[in-house]
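In: sharing a sequence plus its predicted fold:
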Amino acid sequence: MNLWVPVQDESAVVNGLRSYGWWVAAGARFRSSSAAGVRISVAELETADAVRLASDFAAVLGESEATYGG
């Protein structure tokens, strides 16, 4: 199962999540007409890890807005 999460700056989110130990894909190669986003595979994600991913994602979104001006 993959999730598509809209973001304003794919590179900032991908790099930010990588710094937390997560590997997600920038959406550019997966989309045809949708806005920018990241693709996250969650099929085997444990519940505890999902909570950590959500927290880290929120932190990265806050950082990307402040750093890159979203």
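Out: Yep, that arrived. Numbering: from 1, shown residues only.
In: so what touches the longest helix anywhere in the chain?
Out: In the chain, with assignment by DSSP state H, the single longest helix is helix 47-68. Helix 47-68 has contacts (Cβ atoms under 8 Å, 6 or more residues apart in numbering) with 5, 7-9, 12-13, 16-17, 20, 22, 40, 42, 45, 70. (Each C-beta comes from the backbone N, C-alpha and C, glycine too.)
In: let's see it at 10 Å
Out: With Cβ atoms under 10 Å, 6 or more residues apart in numbering as the test, helix 47-68 has contacts from 3, 5, 7-22, 24, 38, 40, 42, 45-46, 70.
In: take these and keep only those in helices.
Out: Counting by DSSP H, the contacts of helix 47-68 contribute 10-19 to helices.
In: out of these, which end up buried?
Out: Neighbour counting over the ones in helices among the contacts of helix 47-68 (16 or more other Cβ atoms under 10 Å) leaves 10, 12-14, 16-17 as the buried ones.
In: still on that earlier bit, identify, from the ones in helices among the contacts of helix 47-68, the entry nearest to residue 32.
Out: Using Cβ to Cβ, residue 10 comes nearest to residue 32 of these, at 15.3 Å.
In: list the contacts of that closest one.
Out: Neighbouring residues of residue 10 by Cβ under 10 Å, 6+ apart: 24-28, 36-39, 64.
In: now the end-to-end length of stretch 35-53.
Out: One end of stretch 35-53 sits 22 Å from the other (Cα to Cα, to the nearest Å).
In: can you pull the buried residues of that stretch?
Out: Within stretch 35-53, the residues that count as buried by 16+ other Cβ under 10 Å are 37-40, 53.
In: with distance to residue 60 and pLDDT added, can I get these in JSON lines?
Out: As requested, the buried residues of stretch 35-53 are exported to JSON lines (distance: Cβ to Cβ, whole Å; pLDDT from 0 to 100):
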{"residue": "37", "distance to residue 60": "14", "pLDDT": "91"}
{"residue": "38", "distance to residue 60": "10", "pLDDT": "92"}
{"residue": "39", "distance to residue 60": "15", "pLDDT": "90"}
{"residue": "40", "distance to residue 60": "12", "pLDDT": "91"}
{"residue": "53", "distance to residue 60": "10", "pLDDT": "95"}
